[in-house]
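*Asks:* Generate a structure from the sequence data that follows.
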Amino acid sequence: MKKVLTFVVITILILISTFPVFAATPINTLVQQQTLDLAKEKDQVERAISDSQSNTKKFLVDNKDELGRKELMDVSNPDELIYGKAYKVFIANKEVVQNLIERKNISNALLNAPYEWEVPIKFNGKDVASITVSFLDNRWDVGEIGGYLSPDSIDFVSNTDGITSYLDNNNLKEAKTFIHFRISSLHSDFLYIEANSGEYFVPIIHGEGKSELYGLKDKKIYTKDEIISAIGLILKAGLNDTGMTTGRPSVNGKDLGNQVYYLFALTIFIAFITIFYFVRSKRKYSYK
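*Replies:* I've put the predicted structure just below:
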């Protein structure tokens, strides 16, 4: 019986070690997973971008004064504007904010939150603005035009290699989760990393030339406790105004949970079958 139990334990450990929910992943892999190339709606989003290009570019040029983006001032022809690679931005909803305030892990709540695709727009090879592609009226379509982030911030968050190097240089080489999310009411985006048994946040402050907001410095890594100390009271006061927009989660948290349940169910089943056949065979030989 002792040998059987040892076999069952080893089987369980092997299953757990090979199941992605429990294993840390190289940060580069996690960052790459947030790109449009790997998204199930890739064709639909690219079609929405393509169909809107002429109107979107013309809007940016015609309204460059109202948009207040000095980087657009030298643009006279919409055709001078080029689209960059889209990146995913989750929108923090009430559940995300509530979990954050209560100091709960927010990874599953974020994965169930709505999201958009942010598309950088370049002029002479440099980021000057962005647009969002959102899931509206059962289809992906262009939503906000102009963008919240400064050109420098757009360049930072849209550069997967740059993000990887930045996190790697700050000893975040592997993680369980990487998510870019936005809390519009705080005028900030955040890079969220679940790693080393903790949760880390990198604020990306909206607007040109803003390097600090609510005591948080732009593009600096903070622990969860540090983030809550800075914005916890503000989030609690504005819990019903988190800037939630429409979108669709790319990974359903319930599906993720079901995978865990299936793993344990499979493990229990294997253990049961193993013990059953061991007892049966032992009885068979005892009768002889």
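*Asks:* My reading is that I179 lies in a strand. Confirm?
*Replies:* Yes. Under DSSP: H, G, I helix; E, B strand; the rest coil, I179 sits within a strand.
*Asks:* Use 81 as the first number from now on
*Replies:* Shifting the count to begin at 81 puts that one at I259.
*Asks:* Which residue comes closest to it once chain neighbours are left out?
*Replies:* Nearest residue to I259 in three dimensions, chain neighbours excluded: Y272, at 4.5 Å (C-beta to C-beta, 6 or more residues apart in numbering). For the C-beta atoms, the positions are set from N, CA and C on the backbone; glycine is no exception.
*Asks:* pLDDT averaged over the strand or helix carrying the one you found - what is it?
*Replies:* Counting by DSSP states H and E, the element that carries Y272 is strand 268-275. Mean pLDDT, strand 268-275: 97.
*Asks:* Any buried residues in the helix or strand just after that strand, and which?
*Replies:* Reading on from strand 268-275 to the C-terminus, the next helix or strand found by DSSP H and E is strand 278-285. Using 16 or more other C-beta atoms under 10 Å as the burial criterion, the residues of strand 278-285 that qualify are 279-285.
*Asks:* Ok, stretch 302-319 next?
*Replies:* 302, 304, 307-308, 310-311, 315.
*Asks:* can you check stretch 237-250 too?
*Replies:* 237-240, 243-244, 246-247.
*Asks:* Check stretch 179-196 too.
*Replies:* 179-180, 186-196.
*Asks:* Show only the entries of these found in helices.
*Replies:* 179-180, 187-191 (DSSP state H).
*Asks:* nearest to K144, of those residues?
*Replies:* In terms of C-beta to C-beta, no member of these lies closer to K144 than L190, at 33.9 Å.
*Asks:* before we move on, back to that, which strands or helices does the strand holding Y272 pack on?
*Replies:* Contacts defined by 3 or more C-beta pairs under 8 Å, 6 or more residues apart in numbering; DSSP states H and E place strand 268-275 against helix 187-191, helix 231-238, strand 254-255, strand 257-263, strand 278-285.
*Asks:* which residues of the protein score low on pLDDT?
*Replies:* Applying pLDDT under 70 to the chain picks out residues 81-103, 320-368.
*Asks:* OK, contacts around the residue nearest to the spatial centre of the chain?
*Replies:* Taking C-alpha atoms, centre = their mean, the centroid of the chain lies closest to I259, which sits 2.2 Å from it. Going by C-beta atoms under 8 Å, 6 or more residues apart in numbering, I259 touches 114, 170, 187, 190-191, 271-272.
*Asks:* which two in those are spaced the farthest apart?
*Replies:* Between all members of those, the farthest pair (by C-beta to C-beta) comes out as L191 and L271, at 15.0 Å.
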